[in-house]
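In: Let me see the structure of the following:
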Amino acid sequence: MDAEQHDMAEETTKDRQGAEQAKALDSVTDNVPEKELDQNKVKQAMAALAAAQKADKEAQIKREKELAAVKVTQADIDVIATEAEVDKKLAERRLREHNGSLLEALRSFL
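Out: Okay, the predicted model is just below:
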């Protein structure tokens, strides 16, 4: 009978360990809804970022169109390029940013 009681004690211990392991497993798997919630938050954040990038790009395109509409002369571009010692592309950009004002464009380099 001692051997039988010993076997039963071992089985009871194994059952307890199994129950503890099952409980631990359940506690790990209980976090799944939180992960799904986090994924939804990530999706929302990514959508917001994409929308912000699209708005920024549209604003940049609009600004480029506005700058392209500003009338500048080649002589003004040459003056800025020479006096500020910059390339003509930057000189033209700065001149357009200052609505074609040679004086304001030159001041912006100081």
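In: The lowest-mean-pLDDT helix or strand in the chain: what's the following helix or strand?
Out: Ranked by mean pLDDT, DSSP states H and E, the weakest helix or strand in the chain is helix 2-29, scoring a mean of 70. Next in sequence after helix 2-29, counting helices and strands by DSSP states H and E, comes helix 32-69.
In: packing partners for that next one?
Out: Contacts defined by 3 or more C-beta pairs under 8 Å, 6 or more residues apart in numbering; DSSP states H and E place helix 32-69 against helix 88-97. Glycine gets a C-beta too; all of them are placed from N, C-alpha and C.
In: Can you name every helix or strand that the helix it packs on contacts?
Out: Using 3+ C-beta pairs under 8 Å, 6+ apart, helix 88-97 sits against helix 32-69, helix 74-84, helix 102-108.
In: quick one: buried residues of the shortest one?
Out: Pointing back at helix 102-108 there. Buried residues in helix 102-108, defined by neighbour count with 16 or more other C-beta atoms under 10 Å: 102, 105-106.
In: what's the spacing between that helix and its chain's center?
Out: Between the centre of helix 102-108 and the centre of its chain there are 36 Å (C-alpha atoms, centre = their mean, to the nearest Å).
In: which secondary structure elements does that helix contact?
Out: Helix 102-108 packs on helix 74-84, helix 88-97, going by 3+ C-beta pairs under 8 Å, 6+ apart.
In: The longest one vs helix 88-97, what angle?
Out: Taking axes from the mean of the first three to the mean of the last three C-alpha atoms, to 10 degrees, helix 74-84 and helix 88-97 form an angle of 110 degrees between their directions.
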